[in-house]
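Asks: Sequence and computational prediction follow.
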Amino acid sequence: MNPEFLRGLCYIAASILFVFGLKMLSSPTTARKGNIISSIGMLIAILTALTAMTEIKWIWIISGACIGSAVGVLAAQLVKMTSMPQMVSLFNGFGGLASLLVGWSEFHGKWATNDAINLFTIVAILLTILTGGVTFSGSLVAYGKLSGTITGKPVLYKGRNIINAVIMITVVVLGILFCIQKLDQLDTAGLRNIYILLTSIIILTLIIGVLATIGIGGADMPVIICLLNSYSGLAACAAGFVINNNVMIVAGSLVGASGIILTNIMCKSMNRSLANVLFSGFGSATSTGSGAYQGEVKSLSVEDAYLILEAAHNVVFVPGYGMAAAQAQHVVRELGELLAANGAEVKYCIHPVAGRMPGHMNVLLAEANVPYELLVEPQDVNPTMEIVDVAVVIGANDVVNPAAREDKSSPLWGMPIIDVDHARTCIVLKRSMNPGFAGVNNPLFFKENTRMLFGDAKASIASLVSEFRS
């Protein structure tokens, strides 16, 4: 059988596995299998690509595979669940950097061997470098914001949109100049100038990634992670065109398209456009437009919270980043089981933008072996929230903020939220009265039916578990 034909069949098989794996990732019950299937598809694609290489130094391939595998294993074993968002962002950045290096390497290789580069290839190289550079530097900034290395608030300065526009126009002009060059007709000085031109494009692209991400507020980080993930896929797709690898084009297109779709879902969940997310600097304020809310905060003890929960017939848990920070998902699941054994109907309501990356709360609860059928979305519980006996908010803030419905001057105005303030009793677990990641004050804390249980979420829920077991 023709080796080229056999490689084509393997690439088709890998692409089919990618599609089926991605489809299975859309459901919590099949997500793990989908991840395995996609990984098998990638293994097939890598091995097939290696067989097509006529000149290969296996020492570099084996060394790279060993180093990459070691990093992957260590990341899977050592990275805490609270650090998952920044790890995802960092991996997006590495994907972008890899694509950028592929574009640069292909350009250098063709020039060094005096191979002719047609216009299509040179445009693909340029797009690979542009998207890869923006993804890399933007992801590093996102990593810094999520890890707390740099401030999570948007860094704003006068005329930033104009500066960004000027840099982008400059990149476009330089890119056009790069694409219209006839490389086979350049002398040594001309080739040196083309490398200076390409280097300038790379530097400006990296600057664009930094400037575009540094102005994003912390509350918008789930959207930005989705967008950067899409960029990394588009960069890989462009790199596939550069090296004429079909499976890379397919895989990059799938990642790029799914990232854009997820970005759109995140924006709808916040009732905001992508342009508003990118350019509004949301999160720079420390209070709502009407100022800090006033009222009496009603705190309660663990013993009082136990009595309320013990008498409840239905309970809705609403997790947020505070649950991740406290690593409380396991005791939350344990408390849920005790409530169910006590005769209560228990559900876990997850807002699409809860946490600091898409699906953050789903991952945490899945790690704690919370049954998938108990996970619900806001539209599933909001219509019946008035008959819910107790809504337990665990470290969530912005996704339960009634200002989104009640205060037109609030930055959250119009955002779909979980209506926990409509429950008969709402217990909010927080360390303090500080606002959430968006920096917007929450009138929920002052509602008549709200009770605040201050302290570490894991310790508080563990105490509740002890009360039920005693």
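Replies: Sure, I can see it. Quick caveat: nothing in here was measured; it's all calculated off a predicted structure.
Asks: which ones are touching Gly320?
Replies: The contact partners of Gly320, by CB atoms under 8 Å, 6 or more residues apart in numbering, come to 354-355, 361, 393-397, 399-400, 436. C-beta: built from backbone N, CA, C; applies to glycine.
Asks: On the three-state scheme, Ile427 is what?
Replies: Judged by DSSP: H, G, I helix; E, B strand; the rest coil, the three-state class of Ile427 is strand.
Asks: Pull the number of nearby residues for the spatially closest residue to Leu211 that is not a sequence neighbour.
Replies: Take Leu211 and drop its neighbours on the chain: the residue closest to it by CB to CB, 6 or more residues apart in numbering is Asn164, 5.5 Å away. Using other CB atoms under 10 Å, Asn164 is surrounded by 17 other residues.
Asks: and after the helix or strand that contains Asn164, which helix or strand comes next?
Replies: For Asn164, the host element (DSSP states H and E) is helix 160-179. With elements assigned by DSSP H and E, the helix or strand that comes after helix 160-179 is helix 188-214.
Asks: which secondary structure elements does that next one contact?
Replies: Judged by 3 or more CB pairs under 8 Å, 6 or more residues apart in numbering; DSSP states H and E, the packing partners of helix 188-214 are helix 84-112, helix 119-147, helix 160-179.
Asks: I'd like the distance from the following helix or strand past that helix to the chain centre, please.
Replies: The helix or strand immediately downstream of helix 188-214 is helix 221-243, counting by DSSP H and E. Remark: helix 221-243 is offset 12 Å from the chain centroid, using CA atoms, centre = their mean, to the nearest Å.
Asks: which helices and strands sit right next to helix 221-243?
Replies: Applying 3+ CB pairs under 8 Å, 6+ apart, one finds that helix 221-243 contacts helix 84-112, helix 119-147, helix 246-269, helix 274-279.
Asks: export it as CSV, just CAs?
Replies: Extracted in CSV, the C-alpha atoms of helix 221-243 (Å, rounded to 0.1, in the frame of the first residue of the first chain):
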residue,chain,number,x,y,z
MET,A,221,-11.2,36.1,32.8
PRO,A,222,-13.5,33.1,31.9
VAL,A,223,-14.3,34.9,28.6
ILE,A,224,-10.7,35.7,27.9
ILE,A,225,-9.5,32.1,28.5
CYS,A,226,-12.1,30.9,26.0
LEU,A,227,-11.0,33.5,23.5
LEU,A,228,-7.3,32.7,24.0
ASN,A,229,-8.1,29.1,23.6
SER,A,230,-9.7,29.9,20.3
TYR,A,231,-6.7,31.9,19.2
SER,A,232,-4.4,29.0,20.0
GLY,A,233,-6.6,26.7,17.8
LEU,A,234,-6.5,29.3,14.9
ALA,A,235,-2.7,29.5,15.3
ALA,A,236,-2.4,25.8,15.0
CYS,A,237,-4.7,25.7,12.0
ALA,A,238,-2.6,28.4,10.2
ALA,A,239,0.5,26.4,11.1
GLY,A,240,-1.1,23.4,9.5
PHE,A,241,-1.4,25.3,6.2
VAL,A,242,2.2,26.4,6.5
ILE,A,243,3.5,22.8,6.8
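Asks: Now do the buried residues in that helix.
Replies: Judged by neighbour count (16 or more other CB atoms under 10 Å), helix 221-243 contains these buried residues: 221-243.
Asks: Of the helices and strands packed on helix 221-243, give the one that comes closest to Met24.
Replies: Among these, the nearest to Met24 by CB to CB is helix 246-269 (12.7 Å).
Asks: Quick check: buried residues in the closest one?
Replies: Going by 16+ other CB under 10 Å, helix 246-269 has these buried residues: 246-256, 258-260, 262-263, 266-267, 269.
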